[in-house]
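Chemist: my questions are about this predicted structure, shown below with the sequence.
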Amino acid sequence: MPGRSRGQERIPFYRNVKTIAVLVQSAFVLIAVAAVYFLWRNVTTGLQSSALTVNFGFIDNRAGFDLGETAIPFSSSDTYFRAIVVGMLNTLKVGLAGVVLCSILGVSVGVMRLSANWLLRTLSTAYVELLRNTPLAVQLIFWYYAVILSIPPRSENAIRLLGDVYLSQIGIAMPWLYPSYNFGRWLPWLLAAVVATIAVYLWRRRQIQRSQRPGNPWPASLAVAAVIAGGGFLVAVNGATTPEGIAAEVTPTRGVGVIFIDRDGDGSRGRDESAVPYAPVVISLAEGRLRTNSTNLIESRKVVYSTFRFPLLSPGEYESVEVVFREPEAAEGLRVHFDRYPSIGTIYRDENENGEFDEGENTYVEDGFIRGYNGVGLAMNIEGFERRLVSDRSGELRLPIFRAPEAGADAGEARAGGLGGGLGGLFAPPEQAAATIDAETGFPAAGPLVFSRPTIPRSSYFGGTRLSTPFLALLLGLAIYTSAFVAEIVRGGIQAIPRGQPEAAKALGLSGNQTFFLIVFPQALRIIIPPMISQYLNLIKNSSLAILVTFSDFFQVANTVGNQTGQFIAVYVIILIGYLSLTLVFSLVLNIVNARVALVER
């Protein structure tokens with residue numbers, strides 16, 4: 001038998017690359033398992049010596065604490081499990097909003113860095129270098145304490161940004177759409193729109209593939225979805241009715257109310273009568289009175305003297321209003337200047353008797369100190385009050401606290417300056433507090449969606465949707481910080497496209513915008529998306545710094561649970577699983593997107 005050639009000799013197993021790889025990986029797994037076992041044994045031994053145990057039985061116990069921000073209803077009587085779920089939802093909310101915002105900012109700044117305009121290019125470069133080289137914790141503290149807390153602190157003096165959008169130190173409130181009790185009429189149409197969209201998309205994509213021509217299946221699919229959903233919405237609106245037995249129990253002297261199904265017809269909500277969430281209602285008062293006192297405030301790090309604040313009233317919510325001093329003798333010589341008619345104003349003394357408020361007339365000097373006209377009682381008499389509200393998810397309503405008009409108010413009290421608004425009900429005498437006010441309610445038929453506008457009945461927002469100041473600070477800090485890294489990824493991805501691509505596009509007559517959006521950017525996405533996924537995951541994990549801005553995120557809530565129960569090991573296992581689940585879900589979705597835009601090789 002002829003001998004084997006040198007090239008046919010079998011390679012020893014200890015020199016085989018595949019065998020070595022398997023042995024190394026097996027050794028690594030054994031070391032990892034041994035390390036975990038060693039740590040677990042040390043922990044359990046230490047706990048046993050301290051008479052402590054590790055279990056998850058606490059998860060169903062009563063939490064006993066409140067949270068400042070909740071995506072779902074939560075109270076101190078709920079369980080630890082629900083508190084952890086609320087924290088997870090809060091982290092998910094800030095994560096999704098942060099991903100969208102940092103993508104918009106990052107892409108915009110990244111494109112600006114390649115602009116031919118010197119100013120844009122320089123500003124975007126300074127933006128990236130400043131933010132990338134500043135710690136995130138410092139930026140979060142800056143946004144919260146230097147920016148957010150400089151906003152007017154009281155909701156009664158909220159900044160009206162646009163329409164019914166308000167901004168104050170308690171957060172930003174804006175109108176929002178909510179599903180009403182008639183949403184079920186529209187739901188079958190939405191399901192039909194989804195099915196039709198999928199069918200048209202598959203049909204259109206198959207048609208494009210057969211034609212072997214470029215095309216996009218989405219326009220036709222979305223058009224079909226819009227037609228079906230829009231037509232169903234109109235049908236649901238035309239057939240909208242109010243639930244049988246719907247009623248409202250409103251107490252204007254407490255400023256509260258609730259919408260419910262009045263099964264027994266007594267006009268009062270019983271224990272077995274369910275509330276109606278997101279139901280529109282019109283509340284009318286023939287007349288009422290609001291009360292407040294002037295005070296000195298510190299707003300935006302500046303002392304505001306002699307100011308009075310009533311709930312913000314819109315001109316269409318009343319027929320007539322009049323502000324009067326509650327104690328005309330004590331307020332003799334004082335007048336009212338309205339800073340925001342008819343709800344916010346300043347008490348002053350007309351020193352030069354010109355009939356107008358001049359700077360300095362709202363203060364006086366006593367014992368060498370500047371003082372304001374503090375504690376002056378005012379009241380607002382309102383006639384024909386009417387406000388349209390939408391109940392919250394618990395079916396509850398919030399109004400200003402009204403009092404019944406006092407007899408002879410116009411004759412017995414000095415007028416403070418015409419029309420105005422009022423906050424109310426502080427320091428009411430016993431006989432006044434006992435007086436009642438009848439409120440009339442009407443229930444306009446609601447469509448599938450109701451448009452809820454924010455109002456400011458007292459010291460907080462009601463209606464619409466509200467983003468708290470900690471949420472805003474955390475969102476701005478995370479999104480702006482991450483956008484600097486996204487901008488560099490976008491710039492690098494665009495520069496990685498061969499120069500011949502845009503030059504060929506220009507040779508074909510494409511404009512600059514067409515070249516960028518049709519040629520350069522689609523190809524750059526294949527380079528941009530993979531590293532951007534890492535930045536998105538970093539944003540999610542960096543949200544654990546929410547404790548710096550007092551936001552109730554997943555990490556902070558879980559830490560609170562650990563402090564109360566002492567089960568830190570179990571809690572940190574929950575934290576580990578929670579963040580791992582979030583990042584894996586984000587990775588899965590973004591990797592699917594990456595696979596859709598990746599270059600297909602043959």
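Modeler: Yes, it's here.

Chemist: tell me how many other residues surround D358.
Modeler: Other residues within reach of D358, judged by other Cβ atoms under 10 Å, total 12. For every residue, glycine as well, the C-beta is placed using N, CA and C.

Chemist: now it. Nearest residue, chain neighbours left out?
Modeler: Counting by Cβ to Cβ, 6 or more residues apart in numbering, N352 is the residue found nearest to D358 once chain neighbours are left out, at 6.6 Å.

Chemist: quick check on F568: phi, psi?
Modeler: phi -70, psi -40 (degrees, to the nearest 10).

Chemist: likewise R398?
Modeler: The phi/psi pair for R398 (degrees, to the nearest 10) reads phi -130, psi 130.

Chemist: again, but for G464
Modeler: Main-chain dihedrals, G464, degrees, to the nearest 10: phi 60, psi -150.

Chemist: next one, pLDDT for the closest residue to it other than its chain neighbours please.
Modeler: Nearest non-adjacent residue to G464, counting by Cβ to Cβ, 6+ apart: P454, 3.5 Å away. In this model, P454 is scored at 93, pLDDT.

Chemist: sorry, back to before: looking at this, the residue nearest to D358 is in a strand?
Modeler: No. If the criterion is DSSP: H, G, I helix; E, B strand; the rest coil, then N352 is coil and not within a strand.

Chemist: I'd say it and G360 touch.
Modeler: No. Checked against Cβ atoms under 8 Å, the pair N352 and G360 is beyond contact range at 10.4 Å.

Chemist: overlap in contacts, the two.
Modeler: Here N352 and G360 share no contacting residue, scored by Cβ atoms under 8 Å, 6 or more residues apart in numbering.

Chemist: looking at the two, which one has more neighbours?
Modeler: Between N352 and G360, counted using other Cβ under 10 Å, the more crowded position is G360 (11 against 8).

Chemist: next, count neighbours for the closest residue to G171 other than its chain neighbours.
Modeler: Leaving aside its sequence neighbours, G171 sits nearest to S468 (Cβ to Cβ, 6+ apart; 4.3 Å). If you count neighbours by other Cβ under 10 Å, S468 ends up with 18.

Chemist: same thing with L576?
Modeler: Neighbours of L576 using other Cβ under 10 Å come to 10.

Chemist: what about it, which SS state?
Modeler: Put simply, L576 is helix when judged by three-state DSSP.

Chemist: next up, the contacts around it.
Modeler: No contacts exist for L576 under Cβ under 8 Å, 6+ apart.

Chemist: what about it, distance to F555?
Modeler: 11 Å (Cβ to Cβ, to the nearest Å).

Chemist: now do the residue most central in space within the chain against R596, distance only.
Modeler: Closest residue to the average C-alpha location of the chain: L467 at 3.6 Å, with Cα atoms, centre = their mean. With distances taken as Cβ to Cβ, L467 is found 32 Å from R596.

Chemist: all helices for the stretch 401-550 of the chain, in order.
Modeler: For the stretch 401-550 of the chain, applying DSSP state H, counting those that start in this stretch gives helices covering 409-412, 430-434, 469-495, 500-507, 512-514, 521-542.

Chemist: distance from the chain centre to the shortest one, please.
Modeler: Shown here is helix 512-514, whose average C-alpha point lies 36 Å from the average C-alpha point of the whole chain (Cα atoms, centre = their mean, to the nearest Å).

Chemist: how about stretch 276-285, which residues are buried there?
Modeler: In terms of neighbour count (16 or more other Cβ atoms under 10 Å), stretch 276-285 has its buried residues at 276-281, 283, 285.

Chemist: one more: stretch 74-87?
Modeler: By 16+ other Cβ under 10 Å, the buried positions in stretch 74-87 come out as 74, 78, 80-87.

Chemist: now do stretch 484-502
Modeler: 484-491, 493-494, 497, 502.

Chemist: G267 and I246 touch, don't they?
Modeler: No. Using Cβ under 8 Å, G267 is not in contact with I246; the gap is 11.8 Å.

Chemist: these two - which one has more neighbours?
Modeler: I246 (16 against 9).

Chemist: all helices of the stretch 1-150 of the chain, in order?
Modeler: 17-49, 80-112, 118-132, 136-141.

Chemist: burial-wise, tell me which of those helices comes out on top.
Modeler: Compared across the helices of the stretch 1-150 of the chain, helix 80-112 shows the largest average neighbour count, a mean of 21 (mean count of other Cβ atoms under 10 Å).

Chemist: now do that helix against helix 469-495, angle only.
Modeler: With axes from the mean of the first three to the mean of the last three Cα atoms, to 10 degrees as the basis, helix 80-112 and helix 469-495 are set at 40 degrees to each other.
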